[in-house]
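[1] 3D model of this:
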Amino acid sequence: MRNIVDLPRRLAAEFLGSALLLAIVVGSGIMGEQLAAGNTALALLLNAIATGAGLLVLISVFGPLSGAHFNPAVSALFWARGELSRRAFFAYLPTQLAGAIIGVLLTHAMFDLPLLQLSEHARHGPGQWIGEFVATAGLMLGILGSLATRPAWTPLLVAAWIVAGYAFTSSTSFANPTVTLARSLSATFAGIAPADVPGFVIAQLAGTTAGGLLGAWLWPSPSANSITEAYP
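    Model prediction:
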């Protein structure tokens, strides 16, 4: 019999997961830049490894509670597929955003930086937008494919895709509107200028649509063992 998790606990999982994810992304960027002494490739490698390792833990721990979305694009995908209720969807969105912002502020506090910042890291242009489209579409395909064929592997496969995306996409694979917005509030290695956020988010939404439609065609039946089940 399926274990139904009440909405408050699911929202707590989404909040904590989103906060810790941003702390990992931003914090490892700061630490990587400090340790790499100007070697951007090494800083990016440290950032990618930490993010992937953190995602593996967060999805494994919080997945059975909320699905471990930490991403409004993922929540929208499962709402569209009828695997997340409208009530839960509209509760997840502000929870994920609030958690992400708290995670950035917490990271700034850990590194003795000003809490309130705006990034000046320019990330724009067709190449970066295409990169975000590919990163997000691939993420959706990876999630749907793993849930349909190897649900127990989902945390590992999602983490591996994000690590790979750091290396092969021009945008370093944000693949998450909430992460994008929260990272605009950090003038650190992982930041993105606020003016560049809309372009990334549009590309992410387009990638979500493309990946979701292709995934629905490739794997038309949701897995009964999915970590993101349909809740009332």
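
[2] Regarding the protein, what is its longest helix?
    helix 7-36 (DSSP state H).

[3] Any buried residues in that one, and which?
    10-33, 36 (16 or more other C-beta atoms under 10 Å). For every residue, glycine as well, the C-beta is placed using N, CA and C.

[4] That one packs against which elements?
    If you count contacts as 3 or more C-beta pairs under 8 Å, 6 or more residues apart in numbering; DSSP states H and E, helix 7-36 packs onto helix 40-66, helix 86-110, helix 177-183.

[5] Could you identify which of those helices is most buried?
    Mean neighbour count (mean count of other C-beta atoms under 10 Å) peaks for helix 177-183 among the helices and strands packed on helix 7-36, with a mean of 26.

[6] roughly how far apart are Arg9 and Ala37?
    44 Å (C-beta to C-beta, to the nearest Å).

[7] Ok, Gly207 next?
    Taking C-beta to C-beta, one finds Gly207 at 35 Å from Ala37.

[8] residue ranges with poor pLDDT in the protein?
    Along the chain, segments meeting pLDDT under 70 span 1-3, 221-232.

[9] any idea how far Ser28 lies from Leu105?
    Per C-beta to C-beta, Ser28 is found 16 Å from Leu105.

[10] Then Thr154?
    Distance check for Thr154 against Leu105: by C-beta to C-beta, it reads 29 Å.

[11] Gly138 now?
    Note on Gly138: its distance to Leu105, by C-beta to C-beta, is 30 Å.

[12] so Leu115 makes contact with Leu106?
    No. Contact criterion C-beta atoms under 8 Å: Leu115 and Leu106 do not qualify, at 9.2 Å.

[13] rewinding a little: which one of Gly207 and Ala37 has more residues nearby?
    The residue with more neighbours, out of Gly207 and Ala37, is Gly207; 25 against 8, by other C-beta atoms under 10 Å.

[14] And for that one, nearest residue in space, chain neighbours not counted?
    Leaving aside its chain neighbours, Gly207 sits nearest to Thr136 (3.0 Å; criterion: C-beta to C-beta, 6 or more residues apart in numbering).

[15] Test my guess that that neighbour contacts Pro177.
    No. The pair Thr136 / Pro177 is not scored as a contact, 9.2 Å apart, by C-beta under 8 Å.

[16] Render the CA-only coordinates of stretch 190-207 in PDB, please.
    Output in PDB follows, covering the C-alpha atoms of stretch 190-207 (Å, rounded to 0.1, in the frame of the first residue of the first chain):
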ATOM      1  CA  ALA A 190      27.900  30.700  -9.400                       C
ATOM      2  CA  GLY A 191      26.000  33.900  -9.900                       C
ATOM      3  CA  ILE A 192      24.100  35.100 -12.900                       C
ATOM      4  CA  ALA A 193      23.200  38.800 -13.700                       C
ATOM      5  CA  PRO A 194      19.600  39.500 -13.000                       C
ATOM      6  CA  ALA A 195      19.100  40.900 -16.500                       C
ATOM      7  CA  ASP A 196      20.100  37.500 -17.900                       C
ATOM      8  CA  VAL A 197      17.600  35.500 -15.800                       C
ATOM      9  CA  PRO A 198      14.600  35.800 -18.200                       C
ATOM     10  CA  GLY A 199      16.500  34.400 -21.100                       C
ATOM     11  CA  PHE A 200      17.600  31.400 -19.100                       C
ATOM     12  CA  VAL A 201      14.100  30.800 -17.700                       C
ATOM     13  CA  ILE A 202      12.500  30.900 -21.100                       C
ATOM     14  CA  ALA A 203      15.000  28.400 -22.400                       C
ATOM     15  CA  GLN A 204      14.400  26.200 -19.400                       C
ATOM     16  CA  LEU A 205      10.600  26.300 -19.900                       C
ATOM     17  CA  ALA A 206      11.100  25.400 -23.600                       C
ATOM     18  CA  GLY A 207      13.400  22.600 -22.600                       C
END
